[in-house]
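Undergrad: make a model of this:
(one chain, ligands or ions: 1)
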Amino acid sequence: MEKNYSDKAYRWNRENYSSKRRFIDIWSFVLTLMFKIWRYNKAWSYPGGVTEAKQAARRKAQAIWIRNTLLDLGPTFIKVGQLFSTRADIFPSEYVEELSKLQDRVPAFSYEQVEAIIEQELGKKVPELFQSFEPVPLAAASLGQVHKAVLYSGEAVVVKVQRPGLKKLFEIDLQILKGIARYFQNHPKWGRGRDWIGIYEECCRILWEEIDYLNEGRNADAFRRNFRAYSWVKVPKVYWRYASSRVLTLEYVPGIKISQYDALEAAGIDRKAIARYGAQAYLHQLLNNGFFHADPHPGNLAVSADGALIFYDFGMMGKIKSNVREGLMETLFGIAQKNGDRVVQSLIDLGAIAPVDDMGPVRRSVQYMLDNFMDKPFENQSVAAISDDLYEIAYDQPFRFPATFTFVMRAFSTLEGVGKGLDPEFNFMEVAKPYAMELMSNQNGLEGNSFLNELSRQAVQVSSTALGLPRRLEDTLEKLERGDIRLRVRSVETERLLRRQSNIQLGTSYALMISGFTLSATILLVNHYVWLAVLAGLIAAGISVILIRLLLRLDRYDRMY
Ligand SMILES: Nc1ncnc2c1ncn2[C@@H]1O[C@H](COP(=O)(O)OP(=O)(O)OP(=O)(O)O)[C@@H](O)[C@H]1O
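TA: Model (predicted):
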């Protein structure tokens, strides 16, 4: 097992940690990171020449360094890192992979501190509030820790207590991060096409929401209400009399974590059913409620002894606008018709992509995807592959996915990962199909029929390549008309002439430099500056050698053709 960092004396955890020191620590991280990225593109920094493998190794090393430094920088940065671990549209895949491994391994705080916070927040001492209270936390995370306790009414509960000094640390850190976001926004290279200030504001909103435990309590209540009709989903009850913005008391609902496959097996739980429940629960949240758990890492999902799915931690929830159902249907129709325009427009309407002046490149990328992945049966598409494709398009494009969309994507791919771990044959798309069908049958009949007709039309087309050929021709002609096909013409002859021309120009510059230096050498020699004259002479000789080699190359090149 990896060493647990919890004994480490972190600077941010000290009482007398000054904001100036914090400023230096954070900016040194940012500047070192910028230096590392700058050096990454320099061929000379790779001994023995640059190769793709060496660059990939360098990216990996950088990502590990980032993860460790974020851990050292403490709660705010661990959370920001976890948020960024969903942004495959902004960062290279190696970074995203390492960031998603970012786990809270921070020192637990003492029981004395827990007692003091509870008394301060709830106005009574621990023994007055609880029949018993376990001093050793059940779980400790960057923002708080969870203790088991029993109320005087006999109910078993867990008490979530927020880390002391967290608000102050957030205030200092977010102020510094604001400066960093501004710096990047104004940066000529990094600021272009990226909304750093927007991302910063989104992070702020999410972080402040996460440290308000009253908000978390309200979310848990809303979530429980949404799943009232589902007996296979459990959401801990909130004990509002024992709640404040920094202390939250919840019903104790023990379970086996969803990723502990062997333990689930040993407890006789139907793993296949759990995989399906996970997917269904998310589809219900997204398509029916528009209110979803945005942090579905396997630690926040467990299975009770009777095989129900337990959700923990409602600090980070996503909301989707009410028109999303129609929007999603529109996207589905667009995909079925392979209509890039329709898909892009629906994604804009959904707020999934931000509109820019020239949507041409985006539309072309989407069209490319539609043409390439729709020819395979839908079930074989893994969510991860589709979202990878989408991110591939988004990366380096002048638009960004808003956080909600990346959260949905992450939720889906996490679920797919866990689902596959639980049941190797699990397929998210298969679970999603009946939901999509149900939604479609609720739409007006005409659209639904045209969707099904379109699907059958595609099925016939892809079943025979011979039959598909005219369609391809037709598609290509259409694309030509719309200017969606770019032609690249290479002419060896022109290229050769152009190269010759530029070499001749280079030769002329060398000749000029040689005469300049020779003249300087002569003047210096006449004036008895012997050493300077020798230096100028040597430079002239050096350039002459380069010129001769260039002329020889030109000659050889001419003879080759
Ligand atoms: N109601 C509960 N009943 C039983 N165990 C619980 C309950 N709530 C939380 N836990 C346990 O405590 C762990 C941490 O809880 P939670 O995720 O709510 O804390 P957190 O501080 O928000 O953590 P993180 O920031 O890592 O998500 C859970 O993974 C779970 O094991």
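Undergrad: for residue 503, give me its contacts.
TA: Shown in contact with residue 503 (C-beta atoms under 8 Å, 6 or more residues apart in numbering): 550, 553-554. Bear in mind the C-beta positions are built from the backbone N, C-alpha and C, glycine included.
Undergrad: what about the strands in the stretch 251-400 of the chain?
TA: 256-257, 291-293, 301-303, 309-311, 317-319 (DSSP state E, counting those that start in this stretch).
Undergrad: residues from the chain in reach of the ligand?
TA: 104, 138-139, 141, 143-144, 146, 158, 160, 236, 250-254, 299-300, 312-313, 315 (C-beta under 6 Å from any ligand atom).
Undergrad: of those residues, select the buried ones using a ChimeraX command.
TA: The buried residues among these can be selected in ChimeraX (16 or more other C-beta atoms under 10 Å) with this line:
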select :104,139,141,143,144,146,158,160,236,250,252,253,299,300,312,313,315
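Undergrad: now the closest residue to the ligand within the stretch 251-400 of the chain. Nearest residue, chain neighbours left out?
TA: Scanning the stretch 251-400 of the chain for proximity to the ligand using C-beta to the nearest ligand atom identifies residue 313 as nearest, at 3.3 Å. What sits nearest to residue 313 in space, not counting adjacent residues and going by C-beta to C-beta, 6 or more residues apart in numbering, is residue 300, at 4.6 Å.
Undergrad: was I right about the one you found contacting residue 312?
TA: Yes: using C-beta atoms under 8 Å, residue 300 makes contact with residue 312 at a distance of 4.9 Å.
Undergrad: and the longest helix seen in the chain, what's buried?
TA: Secondary structure of the chain per DSSP state H: the longest helix is helix 492-526. By 16+ other C-beta under 10 Å, the buried positions in helix 492-526 come out as 507, 510, 513-514, 517-518, 520-521, 524.
Undergrad: per-residue confidence averaged over it?
TA: Across helix 492-526, the average pLDDT comes to 85.
Undergrad: from the contact counts, what lies against the next helix or strand after it?
TA: Toward the C-terminus, helix 492-526 is succeeded by helix 530-560 as the next helix or strand (DSSP states H and E). Applying 3 or more C-beta pairs under 8 Å, 6 or more residues apart in numbering; DSSP states H and E, one finds that helix 530-560 contacts helix 492-526.
Undergrad: quick one: the helix it packs on to helix 530-560, angle?
TA: Our comparison of helix 492-526 with helix 530-560, counting by axes from the mean of the first three to the mean of the last three C-alpha atoms, to 10 degrees, yields an angle of 160 degrees.
Undergrad: need the nearest residue in space to residue 74, chain neighbours excluded.
TA: Residue 74's closest residue in space is residue 12 (C-beta to C-beta, 6+ apart), at 3.9 Å.
Undergrad: show me what counts as buried in the helix or strand residue 171 falls within.
TA: Element membership for residue 171, per DSSP H and E: helix 166-186. Buried residues in helix 166-186, counting neighbours by 16+ other C-beta under 10 Å, are found at 166, 169-170, 172-174, 176-177, 181, 184-185.
Undergrad: what is the nearest of the residues you listed to the ligand?
TA: residue 166 (10.9 Å).
Undergrad: OK, contacts around that closest one?
TA: Residue 166 neighbours (C-beta under 8 Å, 6+ apart): 75, 143-144, 211.
Undergrad: cutoff 10 Å now
TA: 74-76, 142-144, 211, 246 (C-beta atoms under 10 Å, 6 or more residues apart in numbering).
Undergrad: repeat for residue 314
TA: 210, 213, 215-224, 235-236, 238, 248, 250, 293-295, 300.
Undergrad: leaving out chain neighbours, which residue sits closest to it?
TA: residue 219 (3.7 Å).
Undergrad: surely residue 292 is in contact with residue 222?
TA: No: contact between residue 292 and residue 222 fails when scored by C-beta atoms under 10 Å: they sit 11.1 Å apart.
Undergrad: more neighbours, those two?
TA: Set residue 292 next to residue 222 and count neighbours by other C-beta atoms under 10 Å: residue 292 wins out with 25 against 14.
Undergrad: quick check: mean pLDDT of stretch 238-250?
TA: pLDDT averaged over stretch 238-250 gives 97.
Undergrad: report the distance from that stretch to the chain centre.
TA: Centroid separation between stretch 238-250 and its chain, computed with C-alpha atoms, centre = their mean, to the nearest Å, is 32 Å.
Undergrad: what about that stretch, start to end distance?
TA: Start and end residues of stretch 238-250 are separated by 5 Å (C-alpha to C-alpha, to the nearest Å).
Undergrad: so what are the structural domains in this protein, by residue number?
TA: 324-482, 492-560 (automatic domain parsing).
Undergrad: going by mean pLDDT, which of those comes out lowest?
TA: Minimum mean pLDDT among the domains of the chain: domain 324-482, a mean of 64.
Undergrad: looking at the stretch 401-550 of the chain, which residue is nearest the ligand?
TA: Closest point on the stretch 401-550 of the chain to the ligand, by C-beta to the nearest ligand atom, is residue 414, at 13.3 Å.
Undergrad: is residue 276 in contact with residue 435, as I believe?
TA: No: taking contacts as C-beta under 10 Å, residue 276 lies outside contact range of residue 435: 11.9 Å.
Undergrad: what about these two, which has more around it?
TA: residue 276 (19 against 16).
Undergrad: helix or strand for the closest residue to the more buried one other than its chain neighbours, which one?
TA: Nearest residue to residue 276 in three dimensions, chain neighbours excluded: residue 431, at 5.8 Å (C-beta to C-beta, 6+ apart). If you go by DSSP H and E, residue 431 is part of helix 428-442.
Undergrad: no further questions, thank you.
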